[in-house]
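J.: Quick check, what structure comes out for this input:
(2 chains, ligands or ions: 2)
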Amino acid sequence: MVKRAPAAPAVKVDRASFNYNNIKAVDKLSLEVPSGISFGLLGPNGAGKTTLIRLLVGLLKPKSGGIRILGETPSRKTAHLIGYMPQLHSLYTELSVMQNVDFFARVYRLSDKQQRARRVEEVIRLVDLWPRRKDSVLKLSGGMRQRVSLACAIVHNPPLLFLDEPTVGLDPELRFTFWEHFANLTKQGTTLIVSSHTMDDAAHCDRLAFMRSGKLIAQGTPTELRKATGKAEANLEDAFLYFIHREDKK
Amino acid sequence: MIPNQALTIAARVMQQLIRDRRTMVLLIAVPLVIASIVGVSIPEKQMLDYIAPAILAVLILFFGFLLTGISFLRERSQGTLERLMASPVSKPDIVGGYLLGFLLFAVLQTMILFFYLIYVLDISFYGDLWQIIVFEIIIGILAVCLGIFISVFARNEFQMVQFIPLIILPQIFLCGLLWPVEQMPDYLQWIAKFLPLTYGVDGIRALMLQGQNLLDIGKEIGVLAGYAAGLMVLASLTLRRGAAS
Ligand SMILES: Nc1ncnc2c1ncn2[C@@H]1O[C@H](COP(=O)(O)OP(=O)(O)OP(=O)(O)O)[C@@H](O)[C@H]1O
Ligand SMILES: [Mg+2]
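T.: Ligands and ions are numbered 1, 2, ... in the order given. As a prediction, this is how the structure comes out:
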């Protein structure tokens, strides 16, 4: 499938804030993600990763500041351009794998019956669940559900994909397969925004942002971030701690 | 005419019900069991004629409310609503899809119960089946919108069930199912006047027993449609809740 390569950055956030009552979940955050890369959003529990992603997919509106995805304000008009895999599995557990994926394919307006059937099969095979396609999601393990959830998010082949902790609960082998697949997607021009707290995921990303208490505390390629610590043997974990300490000293 | 996206959601709602065999069996069996109990416990033909048709209206409200309420609650708590709200479907698509999906079951249930009442319980009948179905659909729309709206206030299935004694039961007691509303104390009559099921039961009796047609029960239809429209607005306004915040 041909992807358009928009001139505008895939994501542009300009001093956006969002708060739940008195919790500042996203705090005057600015961010720009060029298209066609995988971008990792790293941060501890409660850092605001999910809130930021919800702002980007248009589920939440920023209290102040601006958000643009593919050059436009997120709305129902841009919805078909994005894929979203929420942190929860978010599936119809009583329905089968196939019924779930097919439902989201229809929701995203793949109306041609044959094309849709082909695409549904393709993504189910991709997440390696074809033999289990008729089982209800209720009968699947946690990691398998995670895979169905990914299949539902990518079935319409969106140019911009938001994955909220997609590798949680996956075994190392599967995590590797997921990342292999993500690399394929970016090669085809898809932009990936992936949240995570593991540095293992971080190492796979083209660019990273460290997030804490609703703010970005550092941004760059994995190599840049490691170098910033000034220690040759520093890994990403060290880099993250380095930036947290630097932030605390301010 | 009907937007594709609403049809997609309707089809999924039906798939969910059909895959849930036990619920499907209950949907068909419970009305027949209740009708049979009523049939056996009320030997007097005239009394039975009075009460049995009202069951049609009561059950549509009950099942429509309960099934939509629980389905929609799951949609909120499982996170699928979050997915839908980030997708190109609109709120009218979602409400419309739920209406279509459940109304098909409502029609099926109505027909089965209707034939059971006529042929097994031998209830007197002077009307048209299609008019009864149209009237039942209006009650069904009200029930589905009520279910979607009330699901906002429940955090789990147990809480959803607790809304039955609060919202459905008073209507069943006061709708004139067993005693005519006119024989109740004044203040209860006054309350009954505000409960939609009262109009549902009145309407269905008029259609079945008095040989009236839909035009004759314009007042009942108007009140029910008004409630349905109001609840549809409330359901749409609160639909997003639980999708993200
Ligand atoms: N629906 C909500 N209502 C109230 N507060 C919320 C809600 N969702 C999130 N928060 C708060 O906003 C802050 C950021 O939460 P968020 O879910 O964005 O973090 P996160 O980085 O995704 O965390 P995790 O790694 O645990 O998923 C937290 O303090 C959280 O308590
Ligand atoms: Mg999160």
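J.: CA only for contacts and neighbour counts going forward, please
T.: Will do.
J.: A:Arg133 and A:Val97 touch, don't they?
T.: Yes: using C-alpha atoms under 8 Å, A:Arg133 is in contact with A:Val97, at 4.9 Å.
J.: Looking at these two, which one has more neighbours?
T.: Using other C-alpha atoms under 10 Å in any protein chain shown as the criterion, A:Arg133 and A:Val97 rank with A:Val97 on top: 31 against 19.
J.: Output the longest helix belonging to the chain.
T.: Picking chain A for this. The single longest helix within chain A, with elements called by DSSP state H, is helix A:172-187.
J.: I was thinking of chain B, sorry if that wasn't clear
T.: Per DSSP H, chain B has its longest helix at helix B:45-78.
J.: Other residues contacting the one helix or strand B:Leu84 maps to?
T.: Using DSSP states H and E, B:Leu84 sits within helix B:80-85. Residues from elsewhere that reach helix B:80-85, judged by C-alpha atoms under 8 Å, 6 or more residues apart in numbering or on different chains: A:59, A:84-86, A:90-92, A:107, B:75-76, B:240, B:242-244.
J.: rerun that using 6 Å as the cut-off
T.: The contact list for helix B:80-85, computed with C-alpha atoms under 6 Å, 6 or more residues apart in numbering or on different chains, reads A:90-91, B:75, B:243.
J.: Including pLDDT, could those go into CSV?
T.: Formatted as CSV, these follow (pLDDT from 0 to 100):
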residue, pLDDT
A:Ser90, 93
A:Leu91, 96
B:Glu75, 92
B:Ala243, 70
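J.: The closest residue to A:Ala183 other than its chain neighbours and A:Met211: what is the separation?
T.: With C-alpha to C-alpha, 6 or more residues apart in numbering or on different chains as the criterion, A:Ala183 has its nearest non-adjacent residue at 7.8 Å, and that residue is A:Ser38. Distance, A:Ser38 to A:Met211, by C-alpha to C-alpha, to the nearest Å: 16 Å.
J.: ok, now B:Asp186?
T.: 64 Å.
J.: the more surrounded of the two?
T.: A:Met211 (24 against 11).
J.: beta partners for the more buried one?
T.: On the basis of DSSP bridges, A:Met211 is bridged to A:Leu216.
J.: show me the contacts for it.
T.: A:42-43, A:217.
J.: again, only using 7 Å
T.: Taking C-alpha atoms under 7 Å, 6 or more residues apart in numbering or on different chains as the criterion, A:Met211 is in contact with A:41-43, A:47, A:217.
J.: For the helix holding B:Leu84, give the mean pLDDT please.
T.: Mean per-residue pLDDT for helix B:80-85: 94.
J.: now swap in stretch B:164-171 and tell me
T.: Averaging pLDDT along stretch B:164-171 yields 91.
J.: can you check stretch A:32-47 too?
T.: Rounded mean pLDDT across stretch A:32-47 is 94.
J.: Can you list the neighbours in contact with that stretch?
T.: Here stretch A:32-47 has contacts from A:9-13, A:49, A:186, A:189-197, A:202, A:205-214, using C-alpha under 7 Å, 6+ apart.
J.: Just the ones in helices from those, please.
T.: A:49, A:186, A:202.
J.: Enumerate every residue touching the first one.
T.: By C-alpha under 7 Å, 6+ apart, A:Lys49 lies in contact with A:41, A:195.
J.: Let me know the distance separating it from A:Thr198.
T.: In terms of C-alpha to C-alpha, A:Lys49 sits 13 Å off from A:Thr198.
J.: Kindly confirm my reading that B:Leu177 forms part of a helix.
T.: No: looking at B:Leu177 with DSSP: H, G, I helix; E, B strand; the rest coil, it is coil, so not inside a helix.
J.: Next one, pLDDT for residue 136 please.
T.: No chain specified, so I'll use chain A. Looking at A:Ser136, its pLDDT stands at 95.
J.: Correction: the question concerned chain B.
T.: 93.
J.: Contacts only, for the nearest residue to it once chain neighbours are set aside.
T.: Distances taken as C-alpha to C-alpha, 6+ apart place B:Ala57 nearest to B:Glu136, at 6.6 Å, with adjacent residues excluded. Residues near B:Ala57 by C-alpha under 7 Å, 6+ apart: B:136, B:200-201, B:204.
J.: same deal with A:Lys24?
T.: A:Lys24 is in contact with A:18, A:214, counting by C-alpha under 7 Å, 6+ apart.
J.: For it, grab phi and psi.
T.: phi -80, psi 100 (degrees, to the nearest 10).
J.: What's opposite it in the beta bridge?
T.: A:Asn19.
J.: Tell me the pLDDT of it.
T.: Taking A:Lys24 on its own, its pLDDT is 93.
J.: so how far is chain B from it?
T.: Distance of A:Lys24 to chain B, given as C-alpha to the nearest C-alpha, to the nearest Å: 14 Å.
J.: In three-state terms, label the one residue sitting closest to the centre of chain A for me.
T.: Geometric centre of chain A, nearest residue: A:Leu163, 2.2 Å, by C-alpha atoms, centre = their mean. A:Leu163 carries the three-state label strand when classified by three-state DSSP.
J.: Identify the bridge partners of it.
T.: Going by DSSP bridges, A:Leu163 forms beta bridges with A:Met85, A:Val194.
J.: ok, for A:Lys61, nearest residue in space, not its chain neighbours?
T.: Counting by C-alpha to C-alpha, 6+ apart, A:Lys61 lies nearest to A:Leu55, which is 5.9 Å off, once chain neighbours are set aside.
J.: which residues sit against whichever helix or strand B:Leu188 is part of?
T.: Using DSSP H and E, B:Leu188 falls within helix B:186-192. For helix B:186-192, contacts defined as C-alpha under 7 Å, 6+ apart pick out B:174-175, B:181-182, B:198.
J.: repeat that with 8 Å
T.: So helix B:186-192 is in contact with B:171, B:174-175, B:181-182, B:198, going by C-alpha under 8 Å, 6+ apart.
J.: ok, A:His245 - how many residues close by?
T.: For A:His245, using other C-alpha under 10 Å, the count is 11.
J.: Now do the same for it: its pLDDT.
T.: pLDDT at A:His245 comes out at 84.
J.: Also B:Leu209?
T.: Predicted confidence (pLDDT) for B:Leu209: 88.
J.: Can you give me the buried ones in the lowest-mean-pLDDT helix or strand in chain A?
T.: Least confident helix or strand of chain A, by mean pLDDT, DSSP states H and E, is helix A:236-249 with a mean of 84. Buried residues in helix A:236-249, defined by neighbour count with 16 or more other C-alpha atoms under 10 Å in any protein chain shown: A:236, A:238-240, A:242-244.
J.: Need phi/psi at A:Leu140.
T.: phi -100, psi 160.
J.: Can you name the residues of chain A that neighbour chain B?
T.: A:54, A:57-60, A:76-77, A:79-80, A:84-86, A:88-92, A:94-95, A:103, A:106-109 (C-alpha under 8 Å from any C-alpha of the partner chain).
J.: Give me the subset of the residues you listed that lies in strands.
T.: Those of the residues of chain A next to chain B mapping onto strands are A:84-85, per DSSP state E.
J.: Among the residues of chain A next to chain B, which ones are in helices?
T.: A:54, A:103, A:106-107.
J.: State the helix or strand in which the closest residue to A:Val123 other than its chain neighbours lies.
T.: What sits nearest to A:Val123 in space, not counting adjacent residues and going by C-alpha to C-alpha, 6+ apart, is A:Ala151, at 5.6 Å. A:Ala151 is part of helix A:142-154 when elements are defined by DSSP H and E.
J.: sorry, back to before: quick one: mean pLDDT over the longest helix of chain A.
T.: 91.
J.: for chain A, which spans come out with low pLDDT?
T.: Across chain A, the ranges flagged by pLDDT under 70 are A:1-7.
J.: who's in contact with the residue most central in space within chain B?
T.: Against the mean C-alpha coordinate of chain B, by C-alpha atoms, centre = their mean, the closest residue is B:Leu61 at 2.6 Å. When contacts are counted by C-alpha under 8 Å, 6+ apart, B:Leu61 is found next to B:139-140, B:142-143, B:168, B:197.
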